[in-house]
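In: pasted the sequence and its predicted model underneath.
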Amino acid sequence: MKNTLLLILFLVSISGLSQNEVKCGDAISVSKGTLADTSSVSPRMKLESVTSLVVGATGELALLTEDGNFRMTYSIGKVKVIAVENQQLTFQVIEKLGVITINGVERSNFKTDALVQFTEYKYDKPALIETKWPSGAVKESGYMLCDQKMGEWKEYHENGAAKTSYRTDKNGSIEGVYTEYHANGTKAVQGEYRYGKKTGLWTEYYDNGEINAQGYYYDGKKSGKWIEHDASGKKVKRKYDAG
């Protein structure tokens with residue numbers, strides 16, 4: 001729980017549209033045009049071409065400098081589209097960016113006819129997600145951000161016993177030591193994930209504690225010699241090619 005809270009605090013510290021929202025991934029779309037007024041509250045942007053943007057789209061508004069193959073952008077605000085009409089966007093400025101103050105006076109970056117660029121992004125904030133068994137008992141719980149699992153996740157058997165807990169990386173993939181338990185509390189699986197793939201020595205156990213299978217994974221695939229049991233329970237040795 002402590003590590004989960006530290007993760008959430010970290011996510012909060014890199015704020016997006018508000019104190020607890022972050023930018024998700026790459027740009028969705030980019031639109032160019034010019035500012036139609038000097039408002040830094042609800043600026044309007046004349047578009048160079050027809051847009052498919054809709055009310056509610058969010059992103060960053062930036063001053064744009066273009067000279068041949070050279071382009072430079074200077075973000076001046078996180079904004080939300082509140083109107084789309086006649087090839088013109090009207091924004092609500094949620095947060096000013098690149099604010100410059102001279103002699104105690106804020107210099108406005110919102111100037112009529114300035115060449116600007118609106119880059120649409122998706123923003124999200126951490127949300128606790130729980131799935132449940134038909135009985136109502138918790139099956140899985142953890143935080144989601146930008147449609148990905150983040151931080152520590154826990155899974156439970158229908159009887160309420162812990163099944164596993166694991167951590168995810170920034171891509172939502174399992175990372176690190178992984179241990180799974182049977183419903184009676186005995187160990188079921190133990191191994192390690194690296195970059196979302198099984199790696200190194202993995203061991204599978206019967207619910208009485210005896211080893212069912214053991215061997216190595218390489219890049220997510222069984223590799224080399226494995227000791228396993230067939231359907232009759234007989235111990236067999238198998239060799240796998242991870243290539």
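Out: Received the coordinates, thanks. Everything numeric in this text was worked out from a predicted model, so none of it was measured. Numbering: from 1, shown residues only.

In: alpha carbons only for contacts and neighbour counts from here, please
Out: Will do.

In: how does this protein divide into domains?
Out: Domain assignment for the chain by automatic domain parsing gives 25-123, 127-240.

In: looking at this structure, which helix or strand is least sure?
Out: Least confident helix or strand of the chain, by mean pLDDT, DSSP states H and E, is helix 2-13 with a mean of 41.

In: mean pLDDT and mean neighbour count added to the domains of the chain, as TSV?
Out: Conversion of these to TSV gives the following (pLDDT from 0 to 100; neighbours: other Cα atoms under 10 Å):
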stretch	mean pLDDT	mean neighbour count
domain 25-123	93	17
domain 127-240	94	17
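
In: sheet partners, orientation included, of the helix or strand following the least confident helix or strand of the chain?
Out: Counting by DSSP states H and E, the element after helix 2-13 in chain order, helix or strand, is strand 22-35. In the sheet, strand 22-35 lines up against strand 44-47 (antiparallel), strand 115-124 (antiparallel) (DSSP bridges).

In: identify the residues contacting the helix or strand following the longest one?
Out: In other words, strand 115-124. Per DSSP H and E, the first helix or strand lying C-terminal to strand 115-124 is strand 127-132. With contacts defined as Cα atoms under 8 Å, 6 or more residues apart in numbering, strand 127-132 is touched by 138-145.

In: quick one, longest strand in this structure?
Out: Counting by DSSP state E, the longest strand found in the chain is strand 70-85.

In: for that strand, packing partners?
Out: Strand 70-85 sits against strand 58-67, strand 88-96, with contacts defined as 3 or more Cα pairs under 8 Å, 6 or more residues apart in numbering; DSSP states H and E.

In: show me what the last one packs onto, helices and strands only.
Out: If contacts are counted by 3+ Cα pairs under 8 Å, 6+ apart, strand 88-96 sits against strand 44-47, strand 70-85.

In: so what does the residue sitting nearest the centre point of the chain look like in phi/psi?
Out: Centroid check for the chain by Cα atoms, centre = their mean gives residue 146 as the closest residue, at 4.1 Å. Here is the backbone geometry of residue 146 (degrees, to the nearest 10): phi 60, psi 40.

In: and the gap between the closest residue to residue 212 other than its chain neighbours and residue 171?
Out: Nearest residue to residue 212, sequence neighbours excluded (Cα to Cα, 6 or more residues apart in numbering): residue 205, at 4.8 Å. Per Cα to Cα, to the nearest Å, residue 205 is found 29 Å from residue 171.

In: and if you look at residue 69?
Out: Noted for residue 69: a distance of 33 Å to residue 171, by Cα to Cα.
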